[in-house]
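> Sharing a sequence plus its predicted fold:
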Amino acid sequence: MRSLPTRRLAAVALTAAASVVALAGPAFAHVTVNPGAAQQGGYTAVDFRVPNESDTASTVKLEVNLPLDHPLASVRTLPMPGWTATVEKAKLDKPLKVHGSDVNEAVSKITWTADAGTKIAPGQFQEFRVSLGPLPTDADSLVFKALQSYDNGDVVRWIDESKDGQPEPAKPAPVLKLTKAAAGDGHDDSHGVTASPTAAAHGDSSDHAAAADDGKKADDSTARVLGVVGIVVGVIGTAVGVLGLRRRSSGSAN
């Protein structure tokens, strides 16, 4: 018969393992924009990263809504084999001034639809790249509300906005943080914002550095989670070993 301390040890270990798995999963399941930050007034290239959350269904469509309270004059999608990108535009109440010209409409939504035979299967993720600009100089972030559709008809709405001092919502919208441009970096409002076609399509060196930093952070987070899982597995193994030894001891005594 198991002793009370042994049963408690095994129960605690199993509970800890379940908690780690429950907490680790959602941390990697959100639709996000990467890199997560860019300079105000400039152009950037970002990836909308879409993990497949379902164990039984596949993602076949992604809709990303662009903020019209801070419209973007230039929005371009990077072609992706197996996916068709559709861009919708909306008339602006107030024209944008870009390089001395008025821009009267801006992209309001991008929809990526999977072609026949293409999908984001369980256990996979996909990245959808977009170049954006010029980024507003009067905002500290841009919120991109997104809808993720599955082939079983389910739709996950990533539209909740995070609020300071409150827990992260269950389905947070992707957010691009905007930082002030450093002095002398060429982002001068009086001369407009310029960017080479290569930079606009693929992102400049600062974007790649930010992306690498985000990747490093993701790797660090993964390593920490795996480390905790390893510790918990070790505790479970120890509990099972102790239980086995006690059983053998009890058998020998009898």
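Arrived safely. Numbering: from 1, shown residues only.
> which residues of the chain fall in helices?
Here the chain has its helices, by DSSP state H, at 4-27, 197-202, 205-253.
> Give me the nearest residue to Lys109, chain neighbours excluded.
Among residues not flanking Lys109 along the chain, Glu88 sits closest, at 4.4 Å (Cβ to Cβ, 6 or more residues apart in numbering). Bear in mind the C-beta positions are built from the backbone N, C-alpha and C, glycine included.
> List the contacts of the one you found.
Contacts for Glu88 (Cβ atoms under 8 Å, 6 or more residues apart in numbering) come out as 107-111.
> what about 10 Å?
Contact analysis of Glu88 by Cβ atoms under 10 Å, 6 or more residues apart in numbering lists 63, 65-66, 107-111.
> Would you mind listing where this protein has pLDDT under the threshold?
Scanning the chain for pLDDT under 70 picks out 1-28, 183-254.
> Walk me through the domains of it.
1-30+204-254, 31-200 (automatic domain parsing).
> Not counting sequence-adjacent ones, nearest residue to Val155?
Take Val155 and drop its neighbours on the chain: the residue closest to it by Cβ to Cβ, 6+ apart is Ser149, 5.1 Å away.
> what about that neighbour, how many neighbours?
18 (other Cβ atoms under 10 Å).
> Start at 31, not 1
Sure, I'll start counting at 31 from here, so that last one is Ser179.
> Going by distance to Gly153, which of the contacts of Glu118 wins?
Glu93 (22.6 Å; Cβ to Cβ).
> Skip the chain neighbours and tell me the closest residue to the closest one.
Using Cβ to Cβ, 6+ apart and skipping residues adjacent in sequence, the residue nearest Glu93 is Leu177, 4.3 Å away.
> any idea how far the one you found lies from Val61?
Distance, Leu177 to Val61, using Cβ to Cβ, to the nearest Å: 9 Å.
> Spit out the residues that contact the two alike.
With Cβ under 10 Å, 6+ apart, Leu177 and Val61 have common neighbours 92, 94, 186, 188.
> Name the nearest of these relative to Ala146.
Of those, the one sitting nearest to Ala146 (Cβ to Cβ) turns out to be Leu92, at 16.9 Å.
> Show me what the nearest residue in space to that closest one that is not next to it in sequence bridges to in the sheet.
Excluding its sequence neighbours, the residue lying closest to Leu92 (Cβ to Cβ, 6+ apart) is Trp142, at 4.7 Å. As for beta bridges, Trp142 partners with Leu92, Ala115 under DSSP bridges.
> burial count for Trp142?
Neighbours of Trp142 using other Cβ under 10 Å come to 21.
> same check, this time on the one 5 residues further on
Taking other Cβ under 10 Å as the neighbour definition, Gly147 ends up with a count of 6.
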